[in-house]
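S.K.: Please work out how this folds:
(chains A and B)
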Number of protein chains: 2
Amino acid sequence: MIHVVALAGGVGGAKLVDGLAQLLPPENLTVIVNTGDDFDHLGLKICPDLDTVCYTLAGLANPASGWGRQEESWNALGVLKALGGPDWFNLGDRDLGLHLERTRRLQAGQPLSQVTADFCRAMGVKHPVLPMSDQPVPTRVFTSQGELAFQEYFVHRQCQPEVNGFRFDNVQAAQPAPGALKALAGADVVVFCPSNPWVSIDPILAVPGMRQAVGERPVVAVSPIIGGQTVKGPAAKMYAELGITPSALAVALHYRSLLAGFVFDNLDESLAGSIEEAGMRTCVTDTLMVVPDDRKRLAGEVIQFCQSLVENTGPDKGK
Amino acid sequence: MIHVVALAGGVGGAKLVDGLAQLLPPENLTVIVNTGDDFDHLGLKICPDLDTVCYTLAGLANPASGWGRQEESWNALGVLKALGGPDWFNLGDRDLGLHLERTRRLQAGQPLSQVTADFCRAMGVKHPVLPMSDQPVPTRVFTSQGELAFQEYFVHRQCQPEVNGFRFDNVQAAQPAPGALKALAGADVVVFCPSNPWVSIDPILAVPGMRQAVGERPVVAVSPIIGGQTVKGPAAKMYAELGITPSALAVALHYRSLLAGFVFDNLDESLAGSIEEAGMRTCVTDTLMVVPDDRKRLAGEVIQFCQSLVENTGPDKGK
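M.R.: Numbers count the residues shown, from 1 in each chain, chains lettered A, B, ... in the order given. Sure, this is the predicted structure:
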């Protein structure tokens, strides 16, 4: 069975990771998660993508929203709001318990990767989940309203400011989390989950050493854009504001030099020729994950596609 | 109607303050609360006595425990515990919301007295509630197991270590909270609520300027010790460990030079002669506050006793 390293952001990425984890044993799947949208809020270190992936793998995620926890209560935030505090970032009570303990451990000197591994063990997550780095690399968004911290743009201003570009603060001083490069070196294929290319996958690739390690393996990306739109989040809006027509093709071209294969939706079948011209193999299928079974089905097709690529190109990636 | 300043610690003090607040309008009652047992925990600034007094006055206190909030949920702490975090200090979800917002405001530079006033307004508390100081004055407890932070002694070790003494850290650098000295100067009488003399009232009096301002007014203390025992908390145990037989008399002698009058329980009526010999007037009544109505009844008797003292001694305290 092939060894996969999956790169993921939040909700969409977590869904595919969940599917992959249902089909691959823990020794065959490592997940590297974007931490570019981590931020400090109310004195807490909050890691939205990492938590979404872990909650999803633990079966604790809120099935309606995709983020946060199921059976959540909102009493702390309710009081905070009644006292005039900033309630723009949704923090459920159970979620808060995790943020408090993570913040405590980080302040005591534990690296984020260690805290994440401990939390995964406590939550029953068996597949290794790594933050992209133990060093904070906060994404900054250049917008029509100035440079904004990512969550200020994403949640507080609801992605309304027009985007001009991105900056991954402190990235040159960051290192891949322990185990990330080793997992990549041992991977038969790297899967870019259907996450935002600009602010979920690019930050991971920007960590020094990461892009090179990824580039040495066959890479398959799953398009987060279907019919010119994103299922969730601002990827399509970002493409448009950056002067690029949002489409599966735009995603394929975004990653072009890295990709051996590209998975995209039946709805975009007409783009297959252009994508193949960019030098990659294609897999056209139903990529929309609505019900839980969709995750396993799409993951199965992605794994099959990866296997066909690995068999065709050999383990040393002769693309 | 007389003007009262009440000095209070946690649960017992809050109950009498609640009774006083039912009988005196906001302009006639100011409460100064011990902040010696405030501490930093999980990155949060927690002010147990201040919160107990405010929750009680707001009608939000848990009627069973006396501390914390009614209709509370415990989901954050449950998750924190499941992740291996320190769960020895009980933090309900609604309570957490307040701690998060207070911590945020303090870190933004607001003084504790301002935050407390804002929170009181938001919670509908009309009587002025002041922390003893805006500067942290953490109580340290000298024990058979070494010097301990107060909550480490009080909650984590459940008052089990034998006590040798107390230290109010940083107290020389502290100042009474804005408004405290003015309230004392305008008071007809100062009431020491039935709170722990060692670790609730003494820390307030230790703030530079406070003891002198209190000493310039007639003072009435209500004994927290009934029949040699405390209703709640370690006051009696502390007296015994410090070599003093715990009793209402011991409390009266503890404050002796300050007191014009002393209120204690019928159960201790036999001590009246000794207490009067110490140079103060006495009021013997039922001081145990079990049901809410007890608070108003006892407060009424305390006010009446105070009025009789003020009328007998005149406004300039001719004791």
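S.K.: make it CA atoms for all contacts and neighbour counts henceforth
M.R.: OK.
S.K.: Any regions of the stretch 151-300 of chain A where pLDDT drops low?
M.R.: In the prediction, the stretch 151-300 of chain A carries no residues with pLDDT under 70.
S.K.: Okay, strands next: where are they in it?
M.R.: A:163-168, A:189-192, A:219-222, A:225-226, A:229-230, A:261-265, A:281-285 (DSSP state E, counting those that start in this stretch).
S.K.: what's the closest of those strands to chain B?
M.R.: If you check each of the strands of the stretch 151-300 of chain A against chain B by CA to the nearest CA, strand A:163-168 wins as the nearest, at 26.2 Å.
S.K.: Each with direction, which strands does the closest one pair with?
M.R.: strand A:139-143 (antiparallel) (DSSP bridges).
S.K.: Next SSE downstream of the strand it pairs with?
M.R.: strand A:146-149 (DSSP states H and E).
S.K.: Quick check: which helices or strands does that following strand pack against?
M.R.: Packed against strand A:146-149, as judged by 3 or more CA pairs under 8 Å, 6 or more residues apart in numbering or on different chains; DSSP states H and E, are the following elements: strand A:139-143.
S.K.: Report the mean confidence score over the strand it packs on.
M.R.: The average pLDDT for strand A:139-143 rounds to 97.
S.K.: just to revisit the earlier point, for the strands of the stretch 151-300 of chain A, which one sits closest to A:L23?
M.R.: strand A:189-192 (14.3 Å; CA to CA).
S.K.: Please tell me how far that closest one is from the chain's geometric centre.
M.R.: 12 Å (CA atoms, centre = their mean, to the nearest Å).
S.K.: what separates A:H127 from A:D38, distance-wise?
M.R.: Applying CA to CA, to the nearest Å, the value for A:H127 to A:D38 is 21 Å.
S.K.: Run a quick neighbour tally on A:T56.
M.R.: When counting by other CA atoms under 10 Å in any protein chain shown, one arrives at 24 neighbours for A:T56.
S.K.: how close does A:R69 sit to A:L242?
M.R.: When A:R69 is compared with A:L242 (using CA to CA), they lie 34 Å apart.
S.K.: quick one: which of those two has more around it?
M.R.: Taking other CA under 10 Å, A:R69 and A:L242 do not tie; A:R69 has more neighbours (23 against 14).
S.K.: list the contacts for the more buried one?
M.R.: A:Y55, A:L60, A:A61, A:N62, A:G92, A:R94, A:D95 (CA atoms under 8 Å, 6 or more residues apart in numbering or on different chains).
S.K.: Tabulate those in CSV, adding columns for neighbour count and distance to chain B.
M.R.: Output for the contacts of A:R69, formatted as CSV (neighbours: other CA atoms under 10 Å in any protein chain shown; distance: CA to the nearest CA, whole Å):
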residue, neighbour count, distance to chain B
A:Y55, 24, 12
A:L60, 17, 12
A:A61, 23, 14
A:N62, 16, 15
A:G92, 22, 8
A:R94, 24, 4
A:D95, 23, 7
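S.K.: Those in helices, which ones?
M.R.: Among the contacts of A:R69, the members falling in helices (DSSP state H) are A:Y55, A:R94, A:D95.
S.K.: Serialize the residues you listed to JSON lines and add fields for pLDDT and distance to B:V190.
M.R.: Formatted as JSON lines, the ones in helices among the contacts of A:R69 follow (pLDDT from 0 to 100; distance: CA to CA, whole Å):
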{"residue": "A:Y55", "pLDDT": "98", "distance to B:V190": "55"}
{"residue": "A:R94", "pLDDT": "98", "distance to B:V190": "44"}
{"residue": "A:D95", "pLDDT": "98", "distance to B:V190": "45"}
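S.K.: near chain B, which residues of the stretch 51-200 of chain A show up?
M.R.: Residues of the stretch 51-200 of chain A lying near chain B by CA under 8 Å from any CA of the partner chain: A:73, A:75-80, A:82-83, A:85, A:93-98, A:100-101, A:103-104, A:118-119, A:122-123.
S.K.: Stretch A:82-90: end-to-end distance?
M.R.: 14 Å.
S.K.: what do you get for stretch A:200-211?
M.R.: Using CA to CA, the end-to-end distance of stretch A:200-211 comes to 14 Å.
S.K.: got a list of contacts for that stretch?
M.R.: Counting by CA under 8 Å, 6+ apart, A:7-10, A:32-36, A:132-133, A:137, A:139, A:168, A:171-172, A:174-176, A:181, A:192, A:195, A:214 sit against stretch A:200-211.
S.K.: Buried only: go through these for me.
M.R.: Buried by 16 or more other CA atoms under 10 Å in any protein chain shown: A:7-10, A:32-36, A:132-133, A:137, A:139, A:168, A:171, A:174-176, A:181, A:192, A:195, A:214, out of the contacts of stretch A:200-211.
S.K.: Tell me how far the closest residue to A:N62 other than its chain neighbours lies from A:D93.
M.R.: Excluding its sequence neighbours, the residue lying closest to A:N62 (CA to CA, 6 or more residues apart in numbering or on different chains) is A:Q70, at 3.9 Å. For A:Q70, the distance to A:D93 equals 11 Å [CA to CA].
S.K.: and what of A:G13?
M.R.: A:G13 sits 24 Å away from A:D93, going by CA to CA.
S.K.: who has more neighbours, the two?
M.R.: Counted by other CA under 10 Å, A:G13 and A:D93 do not tie: A:D93 has more neighbours, with 28 against 25.
S.K.: For the more buried one, which non-adjacent residue is closest in space?
M.R.: B:A76 is the one closest to A:D93 (CA to CA, 6+ apart), at 4.9 Å.
S.K.: Name the residues that touch the helix or strand in which that neighbour is found?
M.R.: Element membership of B:A76, judged by DSSP H and E, is helix B:75-82. Under the contact criterion CA under 8 Å, 6+ apart, helix B:75-82 has outside partners A:73, A:93-98, A:100-101, A:122, B:86-87, B:90-93.
S.K.: Repeat that for stretch A:235-243.
M.R.: With contacts defined as CA under 8 Å, 6+ apart, stretch A:235-243 is touched by A:162-165, A:196-198, A:224-225, A:228-230, A:245-247.
S.K.: Can you say which of those are buried?
M.R.: In the contacts of stretch A:235-243, the ones that pass as buried (16+ other CA under 10 Å) are A:162-164, A:196-198, A:224-225, A:228-230, A:246-247.
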